[in-house]
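Enquirer: build me a structure from this.
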Amino acid sequence: MSETLLPRAAATPIVIVGHVDHGKSTLIGRLLHDTDSLPEGRVAQIIESSRKRGLQVEWSFLLDSLQIERDQGVTVDSTRIPFHLGTRQFVIVDAPGHRQFLRNMITGAADAEAAVLVIDAAEGAQEQTRRHAMLLRLIGIRHVIVLMNKVDLLDYDAERIAACERATGALLDKLGITAALFVPASAREGDNIAARSERMAWYTGPTLTEALDAVPAPSSRADLPLRLPVQDVYRFDNRRYVVGRIERGRVRVGDPLVIGSHGTVARVAAIESWHTAPQISAVA
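Expert: All right, here's what the predicted structure looks like:
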């Protein structure tokens, strides 16, 4: 087999992250609905599923395909959804917010060009907000759009929303992240998602869809720095095989690799393959 591995081709990936219950899945469901990106009959399905559970229209059901997620109201795995804005193609990644699913969040975010950090404007930044922001910085995602969600709970009050923006900006500054934009929005009500909100005339910035369309187009993924999230380590015949999917960049036998934020340097000793999936082996 070839001694060089390259990443798979993909549209521009945008990862959605944030503390649990701050509205990530609801946001994506609303986004798909408001941009007419849903298959025929899907909205009727969601309305019926919500009615059976005694809920208003629950847009998160579009994303939470596992029954455990619907029953418990959590996102267990990262969900990838092809998405178009005009002629531009994206992949929306809904990453889980719960701490126990953190590895799934890292995997989902690994190939993203930009991130939407969702914050409940009424609650402000929480534990997972900080943790997800730190992981975005570690992974190397620098284009971060902060969506201050649930502003309807603040009665669209400009001063209270501005206070949330200042507190979140200060937190991100401490983590070495400069937000590209803060967008006040209500995913449930559709304010500033795909259409400008009449209830926030004081806000003159872009809607979320306009902000996403302004994300810089990626360079050739093979020419970017290597990003390979490790999923597991296999041990056979006294050798260790590091298993993961190359999201960008390229790797060859003999290449030096920098591991994580602590900067340990290893070298690729071999690239092995079982069936059709190549594995990087004996990195030492």
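
Enquirer: confidence-wise, which helix or strand of this structure is lowest on average?
Expert: helix 67-72 (a mean of 46; mean pLDDT, DSSP states H and E).

Enquirer: distance from the next helix or strand after that one to the middle of the chain?
Expert: Per DSSP states H and E, helix 67-72 leads on to strand 79-85 as the next helix or strand towards the C-terminus. In terms of Cα atoms, centre = their mean, to the nearest Å, the centre of strand 79-85 is found 11 Å from the chain centre.

Enquirer: what are the contacting residues of stretch 201-211?
Expert: 27, 31, 35, 85, 116, 145, 147, 158, 180-185, 192-197, 214 (Cβ atoms under 8 Å, 6 or more residues apart in numbering). All C-beta atoms are positioned from the backbone trio N, CA, C, and that covers glycine.

Enquirer: at 10 Å instead, please
Expert: 27, 30-31, 34-35, 85-86, 114, 116, 143, 145-147, 151, 156-159, 161-162, 180-185, 187, 191-197, 212-214 (Cβ atoms under 10 Å, 6 or more residues apart in numbering).

Enquirer: which of the residues you listed fall in strands?
Expert: L85, A114, V116, H143, I145, V146, L147, L181, F182, V183, P184 (DSSP state E).

Enquirer: tell me the one among these nearest to P13.
Expert: A114 (8.3 Å; Cβ to Cβ).

Enquirer: quick check: that closest one vs G54, distance?
Expert: Using Cβ to Cβ, to the nearest Å, A114 is found at 37 Å from G54.

Enquirer: put the alpha carbons of stretch 179-189 into PDB.
Expert: Taking C-alpha atoms only, stretch 179-189 is exported to PDB below (Å, rounded to 0.1, in the frame of the first residue of the first chain):
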ATOM      1  CA  ALA A 179     -14.900  35.300  18.800                       C
ATOM      2  CA  ALA A 180     -15.500  36.300  15.200                       C
ATOM      3  CA  LEU A 181     -19.000  37.300  16.000                       C
ATOM      4  CA  PHE A 182     -21.800  37.300  18.700                       C
ATOM      5  CA  VAL A 183     -25.300  36.700  17.400                       C
ATOM      6  CA  PRO A 184     -28.300  37.100  19.700                       C
ATOM      7  CA  ALA A 185     -30.900  34.600  18.700                       C
ATOM      8  CA  SER A 186     -33.800  32.300  19.700                       C
ATOM      9  CA  ALA A 187     -33.600  29.000  18.000                       C
ATOM     10  CA  ARG A 188     -37.000  27.900  19.200                       C
ATOM     11  CA  GLU A 189     -38.700  31.100  17.900                       C
END
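
Enquirer: pLDDT of it, averaged?
Expert: Stretch 179-189 shows a mean pLDDT of 95 in the predicted model.

Enquirer: repeat that for stretch 14-31.
Expert: Computed over stretch 14-31, the average pLDDT equals 85.

Enquirer: next: stretch 240-254.
Expert: Average pLDDT, stretch 240-254: 81.

Enquirer: same question for stretch 271-284.
Expert: 58.

Enquirer: stretch 133-140 too?
Expert: In this model, stretch 133-140 has a mean pLDDT of 82.
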